[in-house]
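Peer 1: take a look and give me a structure for this.
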Amino acid sequence: MRSLRPWVTYPFTAMSMAQMHAASRTPIQFPKEFHGKKFICSSCPKCFDKLRRTPRPVGGASSFSISSRNSSMPAYISSNTNSGGAGKDKSSMSIGFLGLGIMGSPMAHNLVKAGCDVTVWNRTTSKCDSLLNIGAKYGSSPESVASACDVTFSMLADPGSAMEVACGKQGAVHGLGPGKGYVDVSTVDGQSSKAISIAIKATGAQFLEAPVSGSKKPAEEGKLIFLTAGDKSLYHEVAPILDIMGKSRFYLGDVGNGAAMKLVVNMIMGSMMASFSEGMILGQKMGLDPGVLVEVISQGAISAPMYSMKGPSMIKGSYAPAFPLKHQQKDLRLALAMAEEVSQPIPVAAATNELYKVAKAHGLGEEDFSAVIEALKAEL
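Peer 2: Numbering: from 1, shown residues only. Predicted coordinates:
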């Protein structure tokens with residue numbers, strides 16, 4: 001790859017468009033959303049342009065469609081078996097899966113157990129072993145997986161990892177081409193998702209962003225919610241695969257909408273957990289039984305499954321990671337950057353982010369995000 005100078009204009013975007021230009025085998029056409037941004041490639045002067053900035057609209061029409069396994073859903077929600085596109089039979093489609101962490105591993109396991117032809121890759125190769133033992137194949141790099149498969153899924157921890165696996169040296173982009181698809185189920189910011197989309201589509205392949213709502217247990221049970229956007233034909237094609245891993249799927253229109261939806265959902269979730277933690281600590285200091293407090297909350301108007309699920313373990317000070325705290329803080333950070341783009345104040349989320357940063361600074365990043373309660377305890 002060509003040598004690259006640092007990306008300086010948008011620090012929340014983990015890889016520059018110039019890096020993607022260098023990584024891709026074919027020239028990239030930059031859409032209006034990227035006009036006005038600076039990107040520097042030391043051996044490609046064309047990458048250093050000052051383009052006219054095109055303002056991004058705050059609103060605008062979007063295309064939404066929903067599919068759910070729940071047959072009791074209202075009429076505007078279509079069933080997974082009749083979603084407006086035939087889709088390939090999962091048994092005839094070869095599937096790649098990149099990233100076998102706390103979410104990716106159970107998702108890939110569900111695909112293999114359902115009889116899918118799955119090829120896997122992970123930076124730490126030992127994480128592939130349990131999947132190889134039940135019939136998955138091994139790919140030596142994202143490029144080799146994408147080259148061997150009809151459609152490739154990626155589940156990475158952050159925008160930087162998602163960019164590198166998709167577009168870096170031996171990245172998936174080098175194994176893609178016409179007739180193939182790439183589905184990124186990572187949680188990243190909209191700009192990063194659009195950048196990955198550009199690189200993927202420059203190869204002739206199709207792209208779908210599909211971040212998931214749900215943590216470790218829903219991933220294990222195949223009950224995730226997919227928030228998809230991008231090529232609608234690819235959405236219909238991979239629908240049977242999504243249905244193995246999830247209980248419902250939403251098609252949200254243009255690339256970036258899926259990322260935005262996921263960040264808004266996780267921003268709300270992080271704020272809810274912080275408020276719940278404050279209530280737990282205050283209640284205990286007032287001499288209230290925390291178990292009874294959780295029960296009262298679970299029976300009232302503010303009831304949420306998260307409270308009854310996390311409350312008992314929080315009382316015990318046990319934070320086995322279902323959704324690591326460092327990822328919750330990352331999502332809050334990305335949500336704040338997204339809000340800044342459209343000049344929308346989100347003071348509650350901003351304050352919540354600071355609390356998660358304190359918890360992370362005290363070594364709780366690898367614990368479940370419910371460990372944020374520890375940041376409120378006086379001894380910290």
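Peer 1: can you give me the neighbour number for the closest residue to F323 other than its chain neighbours?
Peer 2: Closest residue in space to F323, ignoring its immediate chain neighbours: S215 at 4.1 Å, by CB to CB, 6 or more residues apart in numbering. In short, each C-beta sits where N, CA and C put it, glycine included. Residues lying near S215 (other CB atoms under 10 Å) number 21.
Peer 1: residues contacting the residue positioned nearest the centre of the chain?
Peer 2: By CA atoms, centre = their mean, the chain has its centre lying nearest to T187, at 2.0 Å. Contacts for T187 were tallied using CB atoms under 8 Å, 6 or more residues apart in numbering; they are P211, V212, A259, K262, L263, N266, H327, K330, D331, L334.
Peer 1: next, the last one: secondary structure please.
Peer 2: The reference is to L334. helix (DSSP: H, G, I helix; E, B strand; the rest coil).
Peer 1: can you pull the pLDDT of it?
Peer 2: Per-residue pLDDT puts L334 at 96.
Peer 1: measure it to I95 for me?
Peer 2: 28 Å (CB to CB, to the nearest Å).
Peer 1: swap in the fourth one?
Peer 2: Going from K262 to I95 by CB to CB gives 22 Å.
Peer 1: neighbour count winner among these two?
Peer 2: K262 (29 against 25).
Peer 1: wait, doesn't that one sit right on L227?
Peer 2: Yes: with contact defined as CB atoms under 8 Å, K262 counts as touching L227 (5.3 Å).
Peer 1: give me the common contacts of these two.
Peer 2: P211, V212, S213.
Peer 1: just those: which are in strands?
Peer 2: Counting by DSSP state E, those place V212, S213 in strands.
Peer 1: just the buried members of the shared contacts of K262 and L227?
Peer 2: P211, V212, S213 (16 or more other CB atoms under 10 Å).
Peer 1: ok, those residues vs G270, which is closest?
Peer 2: Distance to G270, by CB to CB, is smallest for S213 among the buried ones among the shared contacts of K262 and L227, at 13.2 Å.
Peer 1: was I right to think that closest one contacts L227?
Peer 2: Yes: here S213 reaches L227: they are 6.4 Å apart, a contact under CB under 8 Å.
Peer 1: overlap of the contact sets of the two?
Peer 2: Counting by CB under 8 Å, 6+ apart, the residues touching both S213 and L227 are K262, V265.
Peer 1: pLDDT weak spots in the chain?
Peer 2: 1-91, 378-380 (pLDDT under 70).
Peer 1: go with 50
Peer 2: 1-35, 37-65, 69-86 (pLDDT under 50).
Peer 1: residues in contact with the residue of it most remote from its centre?
Peer 2: The centre of the chain is farthest from one residue, G287, which by CA atoms, centre = their mean lies 40.1 Å away. Contact analysis of G287 by CB under 8 Å, 6+ apart lists nothing.
Peer 1: sec struct for it, please.
Peer 2: coil.
Peer 1: strands of the protein, residue ranges please.
Peer 2: 65-68, 78-79, 94-98, 117-121, 137-138, 151-154, 181-184, 206-209, 212-213, 224-230, 246-251.
Peer 1: show me the contacts for the residue nearest to F323.
Peer 2: By CB under 8 Å, 6+ apart, the neighbours of S215 are M103, A322, F323.
Peer 1: only the buried subset of those, as a PyMOL command please.
Peer 2: Of the contacts of S215, the buried ones go into a single PyMOL selection, burial set by 16+ other CB under 10 Å:
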select buried, resi 103+322+323
